[in-house]
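**Student:** compute the structure for the input listed below.
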Amino acid sequence: MVDAYQMAVVLLCHNQRPYLPACLASLEAQDLAQAQLILVDDASTDGSAAYLAAWADGRPHTQTLLLADNVGHCRAFNQALALVQAPYVLDLAADDLLPPQSLHLRLEALQAWPEAAFCHGNALYIDDQGRPLGLEHPPDTADPAWSGHVWQRLFEGRFICPSTVLFRTEALRAAGGYNPALSFEDFDIWMRLARHAPVAYVPAVVSQHRLHARSASAAQAGRRAGALLASIAQIGPAAFALAQTPAERLAIARFLAYHVRLAAYTGHPAHVCTLQSLLRSHGTPRAQSSLWRWLAHLPLAGLYARYTAWRRRAGLVRVQ
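**Tutor:** Numbers count the residues shown, from 1 in each chain. All right, here's what the predicted structure looks like:
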């Protein structure tokens, strides 16, 4: 162990063995000699655990956390967070890649802005084979809305790629880490941290974020949407409790109204009702029409999946 780690990298893997060599090579190529590495395997069945253990063997500042039971991303990361001995921590997915200087650029951003709870940067999206698909933001630009006090902006449109985020460890621990009750970790923790602290932005590509080929079947699309919507229904009350201005409450209402429509298009009438009830209970009548509950009973999920895929191919929405 070194006297003071500069940063901790938590690499989290679940059945991602084909991507591990490239991910670990990109990590090894970084220029931070004093980085604590915590390699976590969340009960993989494809040989990932053995590969990580062999890679870590004999490497300084590296430890493994090989879980016997699959606990999910949030719980697995929180277990690793308890082991972190550095002031900054990166949550690295085993299928993503780190461009040169990636860790250094993010470390510099947080060191330069001591009040910031986390930083984020630009991302290059890649496919299963590592081929480029597009950038999160235009190259070498930094919109003022991407940094500073961005709490309301979080509800107004996606501008943070999860794999680009570097957290201040103290802030992350003070917030209790990731919420294990949710199916996704990122938006909730950004919301809780950004309420009380500014956010920094790095105007450079700091992550290659892999997008996998996914089945277009209505059943699989519906299951993914259902998990997301259940988590949104939990995040909504917390968001309203944190809101401080009418403009912020309106931004939350619009955010929830979008998810009412998503629930209708993906065939989840129960989530339509839950989200509409949440809007009513906070005096925001957006998306209250019974039309959405009616649409949710129609077999629209497959059609909606094909429509969104067409929009992405046509360049009408960003790659994500």
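
**Student:** make it CA atoms for all contacts and neighbour counts henceforth
**Tutor:** Will do.

**Student:** give me phi/psi at the closest residue to Ile252 other than its chain neighbours?
**Tutor:** Leaving aside its chain neighbours, Ile252 sits nearest to Phe155 (5.9 Å; criterion: Cα to Cα, 6 or more residues apart in numbering). Main-chain torsions, Phe155, degrees, to the nearest 10: phi -90, psi -10.

**Student:** any weak-confidence spans in this protein?
**Tutor:** 1-3, 213-223, 285-289, 291-320 (pLDDT under 70).

**Student:** the stretch 201-320 of the chain: helices as residue ranges?
**Tutor:** 218-242, 246-265, 269-281, 290-295, 301-313 (DSSP state H, counting those that start in this stretch).

**Student:** quick one: Arg106 from Leu279, how far?
**Tutor:** 37 Å (Cα to Cα, to the nearest Å).

**Student:** in this structure, where's the longest strand?
**Tutor:** strand 199-210 (DSSP state E).

**Student:** give me the contact list for it.
**Tutor:** The contact list for strand 199-210 (Cα atoms under 8 Å, 6 or more residues apart in numbering) reads 95-99, 101-103, 105-106, 109-110, 113, 116-128, 130, 139-142, 146-150, 163-164.

**Student:** let's see it at 6 Å
**Tutor:** 96-99, 102, 116, 118-127, 140-142, 147-148, 164 (Cα atoms under 6 Å, 6 or more residues apart in numbering).

**Student:** ok, for Ser26, nearest residue in space, not its chain neighbours?
**Tutor:** Ser26 sits nearest to Leu98 (Cα to Cα, 6+ apart), 5.3 Å away.

**Student:** how many neighbouring residues does the one you found have?
**Tutor:** Residues lying near Leu98 (other Cα atoms under 10 Å) number 25.

**Student:** what does Val150 give?
**Tutor:** The number of residues packed near Val150 is 19, by other Cα under 10 Å.

**Student:** how about the secondary structure of the closest residue to Ile189 other than its chain neighbours?
**Tutor:** Counting by Cα to Cα, 6+ apart, Ile189 lies nearest to Tyr178, which is 6.3 Å off, once chain neighbours are set aside. Under DSSP: H, G, I helix; E, B strand; the rest coil, the three-state class of Tyr178 is coil.

**Student:** tally of neighbours for Tyr178?
**Tutor:** With other Cα under 10 Å as criterion, Tyr178 counts 23.

**Student:** ok, Ala29 next?
**Tutor:** There are 13 residues near Ala29, going by other Cα under 10 Å.

**Student:** which residue is the nearest non-sequential neighbour of it?
**Tutor:** Pro100 (7.1 Å).

**Student:** can you tell me the element the one you found falls in?
**Tutor:** With secondary structure defined by DSSP states H and E, Pro100 is part of neither a helix nor a strand.

**Student:** give me the distance between it and Ala33.
**Tutor:** 14 Å.

**Student:** and if you look at Asp57?
**Tutor:** For Asp57, the distance to Ala33 - Cα to Cα - is 17 Å.

**Student:** and Leu193, by the same measure?
**Tutor:** On the measure of Cα to Cα, Leu193 and Ala33 end up 28 Å apart.

**Student:** which stretches of the stretch 1-150 of the chain form strands?
**Tutor:** Secondary structure of the stretch 1-150 of the chain by DSSP state E, counting those that start in this stretch: the strands cover 7-13, 35-42, 62-67, 88-93, 118-126, 132-135.

**Student:** now these in CSV, with distance to Ser231 and mean neighbour count?
**Tutor:** Output for the strands of the stretch 1-150 of the chain, formatted as CSV (distance: least, Cα to Cα, whole Å; neighbours: other Cα atoms under 10 Å):
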stretch, distance to Ser231, mean neighbour count
strand 7-13, 21, 25
strand 35-42, 21, 25
strand 62-67, 24, 18
strand 88-93, 20, 23
strand 118-126, 22, 26
strand 132-135, 27, 16
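
**Student:** out of these, which gets nearest to Leu242?
**Tutor:** strand 118-126 (18.6 Å; Cα to Cα).

**Student:** number of nearby residues for the spatially closest residue to Val206 that is not a sequence neighbour?
**Tutor:** Excluding its sequence neighbours, the residue lying closest to Val206 (Cα to Cα, 6+ apart) is Ser102, at 4.6 Å. Neighbour count of Ser102, defined by other Cα under 10 Å: 24.

**Student:** ditto for Ala82
**Tutor:** 10.

**Student:** heads up, I number from 709, so please use that
**Tutor:** In the new count, where the first residue is 709, that last one comes out as Ala790.

**Student:** just the endpoints, please. Distance across stretch 763-781?
**Tutor:** 21 Å.
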